[in-house]
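>>> what shape does this take:
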Amino acid sequence: MSLRVQINQKLEHRFRELAMKRFGYAKGALSKAAEEALAGWISTVEKEDLTFEGDPVEAIDGLLSDIDIDSVELQHETKKIWTLKVLKNVPG
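Purely as a prediction, here's the structure:
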């Protein structure tokens, strides 16, 4: 499985440098370092009391505020994207 993220360039440079020092310059060093980093973050955050306070509809509305189409158009675009992804996995 893969995960795409965007991070600060200085942070990425430092991460790559330390990953190579710790795991060597072989293939998979960055993946090992990322898994270790994510596992550490998860174990730290799991100890916190994580309760969402607020209106979930408002939170979603905030996430979608940059989208400049109405809900019907968004549904149609979503269907097109989903169909294309499904058809990629159909043999023949």
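>>> so where's this structure uncertain?
Applying pLDDT under 70 to the chain flags the ranges 92.
>>> in it, which spans are helices?
9-23, 29-46, 56-63, 71-88 (DSSP state H).
>>> buried sites along the third one?
Within helix 56-63, no residue counts as buried by 16 or more other C-beta atoms under 10 Å. C-beta here means a position set from N, CA and C on the backbone, and glycine is covered the same way.
>>> then it to PDB, C-alphas only?
Provided in PDB are the C-alpha atoms of helix 56-63 (Å, rounded to 0.1, in the frame of the first residue of the first chain):
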ATOM      1  CA  PRO A  56     -19.300  17.300  11.400                       C
ATOM      2  CA  VAL A  57     -21.400  18.800   8.600                       C
ATOM      3  CA  GLU A  58     -19.600  22.100   9.000                       C
ATOM      4  CA  ALA A  59     -16.200  20.300   9.000                       C
ATOM      5  CA  ILE A  60     -17.000  18.600   5.700                       C
ATOM      6  CA  ASP A  61     -18.400  21.900   4.300                       C
ATOM      7  CA  GLY A  62     -15.000  23.400   5.200                       C
ATOM      8  CA  LEU A  63     -13.200  20.700   3.300                       C
END
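>>> still on that earlier bit, can I get the helices of the chain in JSON lines with distance to residue 3?
Formatted as JSON lines, the entries for the helices of the chain read as follows, by distance: least, C-beta to C-beta, whole Å:
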{"stretch": "helix 9-23", "distance to residue 3": "14"}
{"stretch": "helix 29-46", "distance to residue 3": "8"}
{"stretch": "helix 56-63", "distance to residue 3": "19"}
{"stretch": "helix 71-88", "distance to residue 3": "18"}
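>>> relative to residue 2, which of these is closest?
Of all those, helix 29-46 sits nearest to residue 2, with 9.3 Å by C-beta to C-beta.
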